[in-house]
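Undergrad: Here is a sequence with its predicted model. Questions after.
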Amino acid sequence: MNAETLVSHLGLSVDAFADRRIPKSTLSERAGTNTKERRLIKEGVESLRWIAVLKPGTVGIRKYADEQTDYTELSVLKLTIREPKGSGQLQEMVHHAIPYHALLLTESGSFCSASVARKRRSKSEKDRFVLEDQVLRAELTTGENDGFEDEFAASLSLESVSPQTLRDLYLSWADSIVSLEAARITGHFRLSSSRAKAEARSSALREYLSSHRETERIRKTAKRETQAGRRVELNLALQELKRSQERAVRTLNPPETHTS
């Protein structure tokens with residue numbers, strides 16, 4: 001699965017496509033807050049292209065805006081990077097730099113990733129938007145997939161979502177990303193049945209991934225630990241992390257409901 005295939009699954013009209021190059025200098029000016037970040041952009045980014053612009057006039061979906069958020073238009077971007085290492089930081093920087101809610105497709109060789117990031121209006125600076133949550137991202141492969149990637153790609157389609165507003169569309173993309181990552185944990189690709197459940201699953205995914213990283217860290221520490229008392233403490237911590245992961249999995253994979 002690659003960026004081109006994902007874009008084709010969106011089902012966009014010709015009017016929505018833009019295909020404009022965004023200069024790296026522009027990205028660096030807007031996202032490179034220090035020398036290290038500007039170097040990462042210079043050395044890590046191959047290109048950044050504006051693939052499509054989704055707004056009422058190009059996709060026939062109403063805009064949405066209130067005091068906190070603005071979904072007057074959505075962007076589809078393609079970021080080509082030189083190597084997957086550092087992709088997460090680069091994705092976050094692009095989401096920071098682009099003034100619109102964006103579906104960002106990142107590629108490097110056989111590596112492909114889709115990411116979204118919800119934004120809200122800045123409380124301190126007028127007409128500026130900041131990230132509301134962590135960037136949601138799902139990794140794909142450009143070769144054989146794990147069986148869930150086709151379901152993920154199909155779920156991005158405007159036709160399958162049938163959104164009332166651009167905000168509905170963007171939140172559905174976010175849920176698709178969570179559903180793909182959840183499927184790799186639970187073995188089932190399931191979209192959320194409501195916005196409240198989508199929010200709960202997103203939180204559960206963050207909890208699971210955080211617990212998983214902490215579990216790996218503690219296991220490495222336990223292997224080097226020689227004091228018996230400290231080893232007991234670490235084992236108790238691992239048991240609590242296991243319970244945390246089990247709770248998260250139950251939320252990520254709710255039982256299917258059946259109607260008679």
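TA: Here it is on my side, so go on. It should be emphasised that the depicted structure is a prediction, and the values quoted were computed from it without experimental measurement.

Undergrad: going forward, measure contacts between C-alpha atoms and count neighbours the same way
TA: Fine.

Undergrad: Flag the shaky bits of the protein, pLDDT-wise.
TA: Filtered on pLDDT under 70, the chain yields the residue ranges 32, 126-127, 142-146, 255-260.

Undergrad: show me where it has strands.
TA: 17-21, 45-54, 64-65, 70-71, 74-81, 101-108, 111-116, 119-121, 129-131, 136-141 (DSSP state E).

Undergrad: Which of these sits closest to A183?
TA: strand 136-141 (11.0 Å; C-alpha to C-alpha).

Undergrad: Touching that closest one from outside, list them.
TA: For strand 136-141, contacts defined as C-alpha atoms under 8 Å, 6 or more residues apart in numbering pick out 1-2, 110-117, 149, 174, 177-178, 180-181.

Undergrad: can you list the domain ranges for this protein.
TA: Split into domains by automatic domain parsing, the chain comes to 3-191, 202-252.

Undergrad: who's in contact with S192?
TA: Residues near S192 by C-alpha under 8 Å, 6+ apart: D175, S179, A198, R201.

Undergrad: was I right about E107 contacting T80?
TA: Yes. Using C-alpha atoms under 8 Å, E107 is in contact with T80, at 4.9 Å.

Undergrad: So which of the two has more stuff around it?
TA: E107 (25 against 21; other C-alpha atoms under 10 Å).

Undergrad: and that one, what is it in contact with?
TA: Taking C-alpha under 8 Å, 6+ apart as the criterion, E107 is in contact with N2, A3, K78, L79, T80, I81, P84, S113.

Undergrad: What of L79?
TA: V45, E46, S47, L48, R49, L104, L105, T106, E107.

Undergrad: rerun at 6 Å
TA: L48, T106 (C-alpha atoms under 6 Å, 6 or more residues apart in numbering).

Undergrad: what is it paired to in the beta sheet?
TA: Beta-bridge partners for L79, by DSSP bridges, are L48, T106.

Undergrad: what's the spacing between it and S110?
TA: To S110, L79 is 14 Å away according to C-alpha to C-alpha, to the nearest Å.

Undergrad: Please report the distance of the nearest residue to L238 once chain neighbours are set aside from Y208.
TA: Distance criterion C-alpha to C-alpha, 6 or more residues apart in numbering; nearest residue to L238, sequence neighbours excluded, is T215 at 6.2 Å. When distance is defined by C-alpha to C-alpha, T215 is 10 Å away from Y208.

Undergrad: Which parts of stretch 204-218 count as buried, going by neighbours?
TA: A204, L205, E207, Y208, S211, H212, T215 (16 or more other C-alpha atoms under 10 Å).

Undergrad: picking up where we left off before, tabulate the strands of the chain (JSON lines), appending distance to S244.
TA: As requested, the strands of the chain are exported to JSON lines (distance: least, C-alpha to C-alpha, whole Å):
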{"stretch": "strand 17-21", "distance to S244": "44"}
{"stretch": "strand 45-54", "distance to S244": "37"}
{"stretch": "strand 64-65", "distance to S244": "36"}
{"stretch": "strand 70-71", "distance to S244": "35"}
{"stretch": "strand 74-81", "distance to S244": "35"}
{"stretch": "strand 101-108", "distance to S244": "30"}
{"stretch": "strand 111-116", "distance to S244": "25"}
{"stretch": "strand 119-121", "distance to S244": "28"}
{"stretch": "strand 129-131", "distance to S244": "26"}
{"stretch": "strand 136-141", "distance to S244": "20"}
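
Undergrad: For the closest residue to R118 other than its chain neighbours, the count of nearby residues, please.
TA: Nearest non-adjacent residue to R118, counting by C-alpha to C-alpha, 6+ apart: E132, 5.5 Å away. Other residues within reach of E132 by the criterion other C-alpha under 10 Å amount to 14.

Undergrad: thought E132 was touching A117?
TA: No. Using C-alpha atoms under 6 Å, E132 makes no contact with A117, being 7.5 Å away.
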